[in-house]
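>>> sequence and predicted model, in that order:
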Amino acid sequence: MFQGFSQQTNDFLWGIRFNNERSWFEAHKQEYLDYVQSPLRQLAQEVYARFSAAHEELPLMVRVSRIYRDARRLYGRGPYKSHLWFSLRMSGEQKYKEGDAGFMQWEANNRDELMVFT
């Protein structure tokens, strides 16, 4: 069950923003798994379950972001993302016609809190 994001989530996102390199990430990978990836997946699954129950007629799937950037599109940025997101999308053939049913993104801001974009 999703219990919320912790201060450690915010600390990790700030850390990866300013230390966007493999050695730093490898040293802090367990923090990423415990404080970023796990709570995000829990939240995404809970939102998906509730939305799917309320809209059974929609063939939805949930997509959760990965920490790794596409190496083909780095353009001077580091190999890791400093934000996280998940989306609810149509599955099957409708996914290309309908687009996202919902999208949420988080990133650390300068007031030591997580910002949410929907």
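Structure's in. What do you need? Numbering: from 1, shown residues only.
>>> got any ranges where this protein has weak pLDDT?
Where the chain drops to pLDDT under 70, the residues are 74, 92-101, 103, 109-118.
>>> all helices of it, in order?
Using DSSP state H, the helices found in the chain span residues 7-18, 22-27, 29-31, 38-54, 95-98.
>>> packing partners for the second one?
With contacts defined as 3 or more CB pairs under 8 Å, 6 or more residues apart in numbering; DSSP states H and E, helix 22-27 has these neighbours: helix 7-18. Backbone N, C-alpha and C define where each C-beta goes, glycine included.
>>> relative to helix 38-54, how tilted is the helix it packs on?
110 degrees (axes from the mean of the first three to the mean of the last three CA atoms, to 10 degrees).
>>> how much space separates the residue sitting furthest away from the middle of the chain from residue 47?
Within the chain, the residue lying farthest from the chain centre (CA atoms, centre = their mean) is residue 57, at 25.8 Å. From residue 57 over to residue 47 the distance is 18 Å, taken as CB to CB, to the nearest Å.
>>> before we move on, back to that, which of the helices of the chain is buried the deepest?
helix 7-18 (a mean of 18; mean count of other CB atoms under 10 Å).
>>> and the helices of the chain: which comes nearest residue 86?
Counting by CB to CB, residue 86 lies closest to helix 38-54 out of the helices of the chain; the figure is 4.0 Å.
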